[in-house]
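Colleague: For reference, the sequence and a predicted model appear below.
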Amino acid sequence: MKRLSHHLHHIVTNEKGTMLPYAVAGIFIIALIGYMLIGYLGEGYNENRQTKTAADAAALAAAEAWGQQLEAEYTKALTSTSQSEFWGHFGRPLALTKGRADIKAAEYAKNNDATITSVNYDSHTATVKITVRGDDQIKDTGKKAEATATATVVFESGICNSDGNLGFSIKGACVDSPTSAKLPNGFEYAGSLKGVLPETRTRLTRERR
């Protein structure tokens, strides 16, 4: 009986010794696959995050340049020498006065390793929506990350958004034409706005999900 017990113990011990290398190899393979998977997913995440940053930067740059051009239009109006010249700066869709917005957006996208694929300016909401594509491919997929961002021009003083057209603020009203009912009595086309500086700011607009 003792011999039989000793023999069985010897067999079990040998089997454990034989299986140990396989167990170690299995653990190593699982760890290697996990490491590769984490690296793969991590690279994809980084590319997506970088592309989202590029979209945000491009949209904000476009909105800022857009707002600055609108401010400049107001400033030019104040130097007008005639009523027709003054009113010629107002009443046009905001998107027609965006200046170097597209150029600025492209520069910021490029600085973040991305290329703009579409740009849309909405005069009524004073927003610019930009989609970009990352310049680098996501490893082992052959695909490039894409992202979209929207930024808004916020009117603080001087100029305003009159149903999608450029207007100026006076006594709490937004006026964009000489026939506007909101125009106060005794309004002098440039003199009444002297000392009122145009000011805008920008903000990212998060889309609802």
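Modeller: Perfect, I can see it now.

Colleague: If you average pLDDT per helix and strand, which one of the chain comes out bottom?
Modeller: None of the helices or strands of the chain scores lower by mean pLDDT, DSSP states H and E than helix 2-77, at a mean of 69.

Colleague: after that helix comes which helix or strand?
Modeller: Toward the C-terminus, helix 2-77 is succeeded by helix 83-87 as the next helix or strand (DSSP states H and E).

Colleague: now the very next helix or strand once past that next one: mean pLDDT?
Modeller: Moving toward the C-terminus from helix 83-87, the next helix or strand (DSSP H and E) is helix 101-111. Average pLDDT, helix 101-111: 97.

Colleague: name the helices or strands packed onto helix 101-111?
Modeller: Using 3 or more Cβ pairs under 8 Å, 6 or more residues apart in numbering; DSSP states H and E, the elements in contact with helix 101-111 are helix 2-77, strand 114-122, strand 127-137. All C-beta spots, glycine's among them, are computed from the backbone N, C-alpha and C.

Colleague: Spit out the contact partners of residue 199.
Modeller: 71, 156, 157, 158 (Cβ atoms under 8 Å, 6 or more residues apart in numbering).

Colleague: And the last one, what's its pLDDT?
Modeller: Predicted confidence (pLDDT) at residue 158: the value is 96.

Colleague: For the residue nearest to it when sequence neighbours are not counted, which residues are in contact?
Modeller: Leaving out its chain neighbours, the residue that sits closest to residue 158 by Cβ to Cβ, 6 or more residues apart in numbering is residue 198, at 3.2 Å. When contacts are counted by Cβ under 8 Å, 6+ apart, residue 198 touches 70, 71, 74, 75, 157, 158, 159.

Colleague: Can you select the buried ones among the residues you listed for me in ChimeraX?
Modeller: Applying 16 or more other Cβ atoms under 10 Å to the contacts of residue 198, the buried members can be selected in ChimeraX as follows:
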select :70,71,74,158,159
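
Colleague: now the contacts of residue 198 as CSV including distance to residue 150?
Modeller: As requested, these are arranged in CSV below (distance: Cβ to Cβ, whole Å):
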residue, distance to residue 150
70, 18
71, 21
74, 24
75, 27
157, 24
158, 24
159, 21
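
Colleague: just the contacts of residue 198 now: which is nearest residue 141?
Modeller: Nearest to residue 141 among the contacts of residue 198: residue 70, at 41.6 Å, using Cβ to Cβ.

Colleague: tell me the contacts of the closest one?
Modeller: Contacts of residue 70 (Cβ under 8 Å, 6+ apart): 94, 97, 153, 159, 166, 198, 200.

Colleague: thought residue 158 was touching residue 175?
Modeller: No. Using Cβ atoms under 8 Å, residue 158 makes no contact with residue 175, being 11.9 Å away.
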